[in-house]
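Colleague: What follows is a predicted protein model with its sequence.
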Amino acid sequence: QSVLTQPPSASGTPGQRVTMSCSGSNSNIGSNIVNWYQQLPGTAPKLLMYSDDQRPSGVPDRFSGSRSGTSASLAISGLQSEDEADYHCAAWDDSLDAWVFGGGTKLTVL
Amino acid sequence: QVQLIQSGAEVKKPGASVKVSCKTSGYTYIGYYIQWVRQAPGQGLEWMGWINPDRGATDSAQKFQGRVNMSWDTSSRVAYMEMSRLQSDDTAVYYCASSYSSSTADYFDPWGQGTLVTVSS
């Protein structure tokens, strides 16, 4: 079982806005920044968002992130077919002394 | 740019060991860290630990302490992750990834392509 909790699936139609959540506790999301990784089918994860809401170079501004309390969220606006992927959240856990991840949310573009 | 190229798939029997390599290139700074993360079939990501090539220091998640050894070959700039006493639930894709530091405010970027390790009798 993953330390961070993500809904297993999400879906939307092209052009829609989709939001996915990542829930943790005081020892991880409540105390530390959250990163998001996008994993396209059959490929390695790729950094999508870091320090809660910072986009690496090359990531479209359709993607946005936020963190509040012990939860974080990733939003995708103007959904496109190439956004179909698994999305993983991650944070450091002060109690476990380890990076912890969510189980991932599989995004389907209908 | 930084690139991480991993070794090929492995099939091992229970109780055996496996050594996965991660060849690095493109760094323009020293002091970076190589992280190791695994992903069991259909599951989420699991952090295993890191090695700092510059100092040779390592740290690992408690779950893997005593069973995982991370090392670095300076001449070839290759990081290694060796896991012993393999069991079926160690079947996973093993990734290496780069980070600037061991800071809890850091991130993993880029990632290697992954190495599938299958443990089966």
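Modeller: Happy to help now that I have it.
Colleague: measure the residue of chain A most remote from its centre to residue B:105 for me?
Modeller: Going by Cα atoms, centre = their mean, the residue of chain A most distant from its centre is residue A:95, 21.7 Å out. Distance, residue A:95 to residue B:105, by Cβ to Cβ, to the nearest Å: 17 Å. Bear in mind the C-beta positions are built from the backbone N, C-alpha and C, glycine included.
Colleague: Kindly report the same for residue B:69.
Modeller: In terms of Cβ to Cβ, residue B:69 sits 27 Å off from residue B:105.
Colleague: Compare these two (neighbour count), which wins?
Modeller: Neighbours per residue (other Cβ atoms under 10 Å in any protein chain shown) separate residue B:69 from residue B:105, with residue B:69 holding more: 17 against 12.
Colleague: Write out the residues of chain A neighbouring chain B.
Modeller: Taking Cβ under 8 Å from any Cβ of the partner chain as the contact definition, chain A meets chain B at A:2, A:32-33, A:35, A:37, A:43-47, A:50-51, A:56, A:88, A:90, A:92, A:94, A:96-104.
Colleague: Now with 7 Å, please.
Modeller: Proximity of chain A to chain B is confined to A:2, A:32-33, A:35, A:44-47, A:50-51, A:56, A:88, A:92, A:98-99, A:101-104 under the rule Cβ under 7 Å from any Cβ of the partner chain.
Colleague: from these, which would you call buried?
Modeller: A:2, A:32-33, A:35, A:44-47, A:50, A:88, A:92, A:98-99, A:101-104 (16 or more other Cβ atoms under 10 Å in any protein chain shown).
Colleague: show me the contacts for residue 45.
Modeller: I'll assume chain A. Contacts here follow Cβ atoms under 7 Å, 6 or more residues apart in numbering or on different chains; on that basis residue A:45 touches A:37-39, A:88, B:45, B:111.
Colleague: um, chain B though
Modeller: A:45, A:88, A:101, B:37, B:39.
Colleague: make it 8 Å
Modeller: Applying Cβ atoms under 8 Å, 6 or more residues apart in numbering or on different chains to residue B:45 gives the contacts A:37, A:45, A:88, A:90, A:101, A:104, B:37-39.
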